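S.K.: From the sequence below, what's the structure:
(one chain, ligands or ions: 1)
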Amino acid sequence: MTDTTIDRHAITENLMPPGTNTRPRYGRIAELEHSELGLETHGDPLVRLACRTCNPLPKRAARLAQMTARGVVVPAFRYGRVHAGYAVLGTVRAARAGWRWVTAAELSQHLGARPEMVVRERARRRRVAAWAGGIVAAVVVLLVVVAPGLAVLLLVVILGAVAAVEGRLRRVETEGSDGRGIGTHPSGRAVRAAVAAAKLGKTEDIRVIGPVARDADRAWTAVVELPAGVTAEQARKRQPALASAFGVDLAQLAVDPVRGHTGRVTLWCADADPLSGASIPSPLPERAGAFDVWHEKVAVGVDVRGRPVAFALPERSILTGGEPGAGKSVGCHNVLGAVALDPRVPLWIADGKGGADLMDYEPIAARFLPDPDPAAMLEMIRDAQDDMADRYRRLRAIGAKKLTGDVAAQLGIELSVFHIDELQFFAASDLGKEIVNGLWDLVSRGRAAGWVVSVATQRPSGDVIPTKLRDILSIRWALRCTTPEASDTILGRGWAGQGYSAHRIDSTQRGAGLLLAEGSMPVAMRTYLIGDRDVTALTRRAYRLREQAGTLPKSDARPGVRLLKAILTVMGQAEKVPTTLLLEKLPMLGPFEGWDATRLADELRPLGVRPADQWIDGRNQRGYRRADVERAFERA
Ligand SMILES: Nc1ncnc2c1ncn2[C@@H]1O[C@H](COP(=O)(O)OP(=O)(O)OP(=O)(O)O)[C@@H](O)[C@H]1O
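M.R.: Sure, this is the predicted structure:
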C-alpha cells in the first residue's frame, strides 16, 4: 500500500460510524478519501473507477451496463434457459403420449376380457402413426432441401409452442403441491393424480372421460373411469380421502355414480363452501294443494350441488340430532309441515322442551303434549302401542301384511306420525327406561302398521338414544354436533372415522347436516329454511284442509271447544288476557279471521265466559280470565 492509498478496513474501523460492520462500497471509500483524508486521487484502481468526483462518466457507463445486465440479459438468459428446458420436456411428454396412444395403453386393462379388440385397435393405430410419421418426414426433408431457413423458423415456432404448452401444464399441475389442492381449474392429469392419491388405483389406470369442465362457474366437474374392478361405491366411500386430495372441504365435493357403468363416477367440486351463504327457502309455504304422504317424498333441503334432498315416510322413522341452535327445529318443521298438509295423517306431538316451537301444531294435533311430563308421555306411547295392536288385528282380518295407501283407504286407518322433540327430557327421567323401551317397540313393530316415529334431541348421547333404538331409526339426520362421538351416536358408529362427522360443520353453515336416508352413505346437505311465520301459515292451511276433510281432532270439531282451546293456547301461562291480543292471535289458530270484540263476546257468552275490565300489564283493559276459560273448557 502507498501513502496515497487507503486500506478499506482502516476506513471501516476509523471513519465509519461505530457499530457499522459492513464494508463500505468503493464509491463511499472514494468519498471518504476526499472528504476525511483530503486525498486528491485514489490508490486503488477500483476506488478510482467508482469515484463520481474523479471519474463520473465511466461510473455511469458501468452502472448502465450493470443495469442492462440485471434487467435484460440475465432474465433473457434465464427465460431462454427455462423455455428451452420446457421445449425439451414438452417434446418428451408429447413423445410419451404418442407412444401410449400408438400402443393403446389405456386399453391394456381390457386385454384379458377382449383381446381381439385391443390387438385390432393397436394395429389400426400403428398404421395411422406410420402414415402420419411418413408424411411429416417427407415434408421435413422437402423443407430442408428447398427452404432451409423456413425449416429452421418452423422448428423454432413449433418448439416455442411446445414450451408454452408445457409451461402452462406445469403451472396447473404444481398447484397441487402448494397446499391449495388441485385448484379450481384442474387438468385431467391433476384429477387423475388426486384420485390415485385417494388410494383408488394407479394414475395410469385412471381415466378422465372428456374434459374437466366448469359448472356454472362455481365448480369443476369431471367424469372419471376408475381402474378395472374398482366401483363407484368404493369411490363414494373414499369421498373424504378424495376431498383431501383435491384440497377442499368434504362439503364441497359430490361423488355420483354414472348410470350404465359401475366403474365411473362424476366428480363435482365446488370452488367455495356451498353450505353457507344465503338461506334456501322451503317450497312448502308456497304449496297450493294438500300433501300426499303415501305417494310423495318429503323434501327437506338441498345437497351440496343444489339438488333437492327428499325421503319417503311410509315404513320409516327419523332421528334428528344436533347441538342447540344447529337447526333441528327448522329441519323437523320441513317434515311436520309436509305431514300437516296431508289432512288424513293424525299427528301426535310431544314437546320435551315445553317451549313455543311446536305450539302452532296444537290445534291440528290428534294428541299434543306441551310439557316435559314423563308420565303423560308414557301414557301416549302406551296408547300408540294399543292402536298399533288394533291395527295389526285389522290387517290380519283382511290378510294384509302391512299398511299401504290402498289398505289404509280400505280399512279407514291412516299413516300416523308421532314426533317427540327433545327426547332427553323424557329419557333422563325416572320413567326414561320404559319410555325408551316403549318407543323401541313402536318403531320396530309399528313400521308395518303405519306408525312413523320421529325423535329429536340436542343431546345425542348413548343414555338418550341407546344404540338399540338408534339402530332401528332408519332416517338419521345429524346437524352440527360438538364431537365426532355425538355425530356417530346419530349416524351410527364408524361414520366419523370415515370422515362423515357433523362436528366438522361450522357455525356459519346454518342448517347444514349429514343425512343418512335414501342411499347407503350420509349426504351433506342444507335444510330448507322454514321460519316461524311460515310455520304459522302452514298450520293454518293444514287446519283448513283438515276442517274440510273432517279430520280435525275430535274435541276440536265443535266450534265452541275449538275457540276455548285456541284462547288457552294464546294465554299460555298468563292468568288474564286482553281482548285485543286475542283478536290479533286467534286467526292464526283457527277460523276466527275478521272477528271483533263483540263477535268474540257473543261466541263465548253461551259457554259461560264473559269479558270484564281487568288490570293487565299495568293498566285497565277489557279482557278474559284464565280460570273462566278453563272452567268452560272442562264443562265442554
Ligand atoms: N336451513 C337454515 N337456513 C338458514 N338458517 C337456519 C337454517 N336452519 C336453522 N337456521 C337458523 O338457526 C337458528 C336455530 O335453528 P333451530 O331453532 O332450528 O335450532 P335448534 O337446533 O332447534 O335449536 P334448539 O336445540 O335450541 O331448539 C334459526 O333461528 C335460524 O335462524
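S.K.: three-state assignment of the residue of the stretch 51-200 of the chain at minimum distance from the ligand?
M.R.: Taking C-beta to the nearest ligand atom as the measure, the stretch 51-200 of the chain has Thr184 as its residue closest to the ligand, at 25.6 Å. C-beta here means a position set from N, CA and C on the backbone, and glycine is covered the same way. When states are read from DSSP: H, G, I helix; E, B strand; the rest coil, the local structure at Thr184 comes out as coil.
S.K.: from what I can see it touches Asp217, true?
M.R.: No. Counting by C-beta atoms under 8 Å, Thr184 stays clear of Asp217, with 9.5 Å between them.
S.K.: These two: who's more crowded?
M.R.: Comparing Thr184 with Asp217 by other C-beta atoms under 10 Å, the one with more neighbours is Thr184, at 17 against 8.
S.K.: Could you list which residues are in contact with the more buried one?
M.R.: With C-beta atoms under 8 Å, 6 or more residues apart in numbering as the criterion, the residues that contact Thr184 are 220, 271.
S.K.: same deal with Leu568?
M.R.: Taking C-beta under 8 Å, 6+ apart as the contact definition, Leu568 lies against 626, 629-630, 633.
S.K.: repeat for Ala137
M.R.: Taking C-beta under 8 Å, 6+ apart as the test, Ala137 contacts no residue whatsoever.
S.K.: For Arg599, see how far away it is.
M.R.: 101 Å (C-beta to C-beta, to the nearest Å).
S.K.: now Leu583
M.R.: Relative to Arg599, Leu583 is positioned 9 Å away (C-beta to C-beta).
S.K.: Next: Glu518.
M.R.: Taken as C-beta to C-beta, the spacing of Glu518 relative to Arg599 amounts to 50 Å.
S.K.: now do Ala272
M.R.: 55 Å.
S.K.: Over to Asp371?
M.R.: Counting by C-beta to C-beta, the separation of Asp371 from Arg599 is 32 Å.
S.K.: Over to Gly399?
M.R.: Using C-beta to C-beta, Gly399 is found at 53 Å from Arg599.
S.K.: Could you report the pLDDT at the closest residue to the ligand within the chain?
M.R.: Of the residues in the chain, the one nearest the ligand is Gly511, at a distance of 2.1 Å by C-beta to the nearest ligand atom. In the prediction, the pLDDT value recorded for Gly511 is 93.
S.K.: contacting residues around it?
M.R.: Remark: with contacts taken as C-beta under 8 Å, 6+ apart, Gly511 is in contact with 279, 301, 327, 330-331, 479, 526-529.
S.K.: And it, how close does it get to Ser276?
M.R.: Between Gly511 and Ser276 the computed distance is 10 Å (C-beta to C-beta).
S.K.: can you check Ala350 too?
M.R.: When distance is defined by C-beta to C-beta, Ala350 is 33 Å away from Ser276.
S.K.: do the same with Arg540
M.R.: Arg540 sits 32 Å away from Ser276, going by C-beta to C-beta.
S.K.: Isn't Pro560 up against Pro606?
M.R.: Careful, residue 560 is Gly and not Pro. Yes. Between Gly560 and Pro606 there is a contact at 7.2 Å, judged by C-beta under 8 Å.
S.K.: residue ranges for the helices of the stretch 151-300 of the chain, please.
M.R.: Under the criterion DSSP state H, counting those that start in this stretch, the stretch 151-300 of the chain contains helices at 188-197, 232-237, 239-246.
S.K.: Ok, the stretch 401-550 of the chain next?
M.R.: Taking DSSP H, counting those that start in this stretch as the criterion, the stretch 401-550 of the chain contains helices spanning 405-411, 424-427, 432-446, 467-470, 484-491, 532-549.
S.K.: next helix or strand past the lowest-mean-pLDDT helix or strand in the chain?
M.R.: The element with the least model confidence among the helices and strands of the chain, by mean pLDDT, DSSP states H and E, is helix 8-14, at a mean of 52. Beyond helix 8-14 on the C-terminal side, the first helix or strand identified by DSSP states H and E is helix 26-35.
S.K.: What is the subsequent helix or strand relative to that next one?
M.R.: Scanning the chain past helix 26-35 towards its C-terminal end, the next helix or strand to appear is helix 45-50 (assignment: DSSP H and E).
S.K.: what's around the spatially closest residue to Ala235 that is not a sequence neighbour, how many residues?
M.R.: What sits nearest to Ala235 in space, not counting adjacent residues and going by C-beta to C-beta, 6 or more residues apart in numbering, is Val265, at 4.8 Å. Around Val265 there are 28 other residues, counting by other C-beta under 10 Å.
S.K.: now Arg541
M.R.: For Arg541, the count of nearby residues is 19 (other C-beta under 10 Å).
S.K.: contacting residues around the nearest residue to it once chain neighbours are set aside?
M.R.: Residue nearest to Arg541 in three dimensions, not counting chain neighbours: Leu341, with 6.7 Å by C-beta to C-beta, 6+ apart. Under the criterion of C-beta under 8 Å, 6+ apart, the contact list for Leu341 reads 284, 287, 290-291, 538, 541-542, 545.
S.K.: make it 10 Å
M.R.: With contact taken as C-beta atoms under 10 Å, 6 or more residues apart in numbering, Leu341 is in contact with 284, 287, 289-293, 296, 364, 538-539, 541-542, 545-546.
S.K.: about what we covered before: save the contacts of Gly511 as TSV, and put in pLDDT and neighbour count too.
M.R.: Formatted as TSV, the entries for the contacts of Gly511 read as follows, by pLDDT from 0 to 100; neighbours: other C-beta atoms under 10 Å:
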residue	pLDDT	neighbour count
Ser279	90	14
Gly301	95	25
Gly327	94	23
Val330	96	24
Gly331	97	26
Leu479	96	29
Arg526	95	27
Thr527	96	27
Tyr528	96	25
Leu529	96	18
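S.K.: picking up where we left off before, now the contacts of Leu341: which count as buried?
M.R.: By neighbour count, with 16 or more other C-beta atoms under 10 Å, these hold 284, 290-291, 293, 364, 538-539, 541-542, 545-546 as buried.
S.K.: Reformat those as JSON lines; add pLDDT.
M.R.: As requested, the buried ones among the contacts of Leu341 are arranged in JSON lines below (pLDDT from 0 to 100):
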{"residue": "Leu284", "pLDDT": "92"}
{"residue": "Ala290", "pLDDT": "95"}
{"residue": "Phe291", "pLDDT": "97"}
{"residue": "Val293", "pLDDT": "96"}
{"residue": "Ile364", "pLDDT": "92"}
{"residue": "Leu538", "pLDDT": "93"}
{"residue": "Thr539", "pLDDT": "92"}
{"residue": "Arg541", "pLDDT": "92"}
{"residue": "Ala542", "pLDDT": "94"}
{"residue": "Leu545", "pLDDT": "94"}
{"residue": "Arg546", "pLDDT": "93"}
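S.K.: As TSV, these with distance to Leu336 would be great.
M.R.: Output for these, formatted as TSV (distance: C-beta to C-beta, whole Å):
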residue	distance to Leu336
Leu284	10
Ala290	15
Phe291	11
Val293	12
Ile364	10
Leu538	9
Thr539	9
Arg541	13
Ala542	10
Leu545	14
Arg546	14
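S.K.: Next one: Leu514, what pLDDT does it get?
M.R.: Note on Leu514: pLDDT of 95.
S.K.: let me redo that: Lys59
M.R.: With respect to pLDDT, Lys59 scores 61.
S.K.: Same check on Ala478?
M.R.: At Ala478, the pLDDT value in this model is 96.
S.K.: Ala350 and Ser276: which has the busier surroundings?
M.R.: Looking at Ala350 and Ser276 with other C-beta under 10 Å, you find the greater number of neighbours at Ala350, namely 27 against 17.
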